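In: this one's sequence-less:
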């Protein structure tokens, strides 16, 4: 009955704050209780913090259904409904396949107000990638940019950053390529080091 069943639980800070850990453990328990073969995966926040805890279920031949504000006590009935081919109680769907009850009544994720005006690029895999698996990260393209940079000359990397228009997010709005160029051209012994400004993080941890 599992047939490629994948269950993702949002385990970002927003989800954990409202009980995602309990939901995660209940999903594991309910899957085992039903003797269903499934991959139960902790993922990061997809941006819908107001709908946490979020559970997404996908099975071959079924739409990928997203359930919001999931309570531990409702995990069993959500699983039973989905495994029975019913997605009518889902918050949103990633796709439609025409084989599930209620799927025409549930909006696609791209149709809801929060997402319909967004073009997600950097954050397009949020809520999808297993946040505890480096292999999963690589499958979804992780480190591809780093690999390309390591195969390029430093000046070419800086030129790519310049063309991208990447800038700092602070009040100075300083061009990233210029920072890197100044560092590269600075006189001094090799190797040179990049020092990360951890001021904000330091305040939050103090």
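Out: Good, I have the coordinates. Everything quoted here is computed from the prediction, not taken from an experiment.

In: I'd like the mean pLDDT over stretch 37-54, please.
Out: The predicted model assigns stretch 37-54 a mean pLDDT of 93.

In: can you pull out the helices in the protein?
Out: 13-17, 20-33, 75-83, 134-139, 144-150, 154-164, 176-185, 199-205 (DSSP state H).

In: want to throw those into a markdown table with mean pLDDT and mean neighbour count?
Out: The C-beta positions use only the backbone N, C-alpha and C, and glycine is treated the same way. Listed next are the helices of the chain as a markdown table, based on pLDDT from 0 to 100; neighbours: other CB atoms under 10 Å:
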| stretch | mean pLDDT | mean neighbour count |
| --- | --- | --- |
| helix 13-17 | 94 | 17 |
| helix 20-33 | 96 | 18 |
| helix 75-83 | 97 | 19 |
| helix 134-139 | 91 | 12 |
| helix 144-150 | 93 | 11 |
| helix 154-164 | 94 | 14 |
| helix 176-185 | 89 | 14 |
| helix 199-205 | 45 | 8 |
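
In: And the nearest residue in space to residue 22 that is not next to it in sequence, how close does it get to residue 140?
Out: Distances taken as CB to CB, 6 or more residues apart in numbering put residue 72 closest to residue 22, at 4.7 Å, once the chain neighbours are dropped. As defined by CB to CB, to the nearest Å, residue 72 lies at a distance of 29 Å from residue 140.

In: mind listing what the spatially closest residue to residue 34 that is not a sequence neighbour touches?
Out: Nearest residue to residue 34 in three dimensions, chain neighbours excluded: residue 79, at 6.7 Å (CB to CB, 6+ apart). Contact partners of residue 79, counting by CB atoms under 8 Å, 6 or more residues apart in numbering, are 27, 30, 31, 34, 36, 57.

In: Identify the residue nearest the geometric centre of the chain.
Out: For the chain, the residue nearest the mean C-alpha position is residue 126 (1.6 Å; CA atoms, centre = their mean).

In: Pop the domain breakdown of this structure in here.
Out: What automatic domain parsing lists as the domains of the chain is 5-139, 150-205.

In: doesn't residue 38 make contact with residue 83?
Out: No. Counting by CB atoms under 8 Å, residue 83 stays clear of residue 38, with 9.8 Å between them.

In: Mutual contacts of those two, please.
Out: Contacts common to residue 83 and residue 38, judged by CB under 8 Å, 6+ apart, are residue 5.

In: roughly how far apart are residue 109 and residue 148?
Out: Plainly put, residue 109 is 30 Å away from residue 148 if you go by CB to CB.

In: can you check residue 190 too?
Out: 23 Å.

In: cool, and residue 35?
Out: Distance from residue 35 to residue 148, by CB to CB: 45 Å.

In: Could you do residue 36 as well?
Out: Remark: distance between residue 36 and residue 148 (CB to CB) = 40 Å.

In: likewise residue 74?
Out: 45 Å.

In: hmm, back to that, residues contacting the residue nearest to the centre of the chain?
Out: Residue 126 neighbours (CB under 8 Å, 6+ apart): 43, 44, 45, 46, 47, 120.

In: at 10 Å what do you get?
Out: 10, 12, 43, 44, 45, 46, 47, 48, 120 (CB atoms under 10 Å, 6 or more residues apart in numbering).

In: Identify the bridge partners of the nearest residue to residue 24 once chain neighbours are set aside.
Out: Leaving aside its sequence neighbours, residue 24 sits nearest to residue 9 (CB to CB, 6+ apart; 4.7 Å). Note on residue 9: beta-bridge partners by DSSP bridges are residue 42, residue 55.
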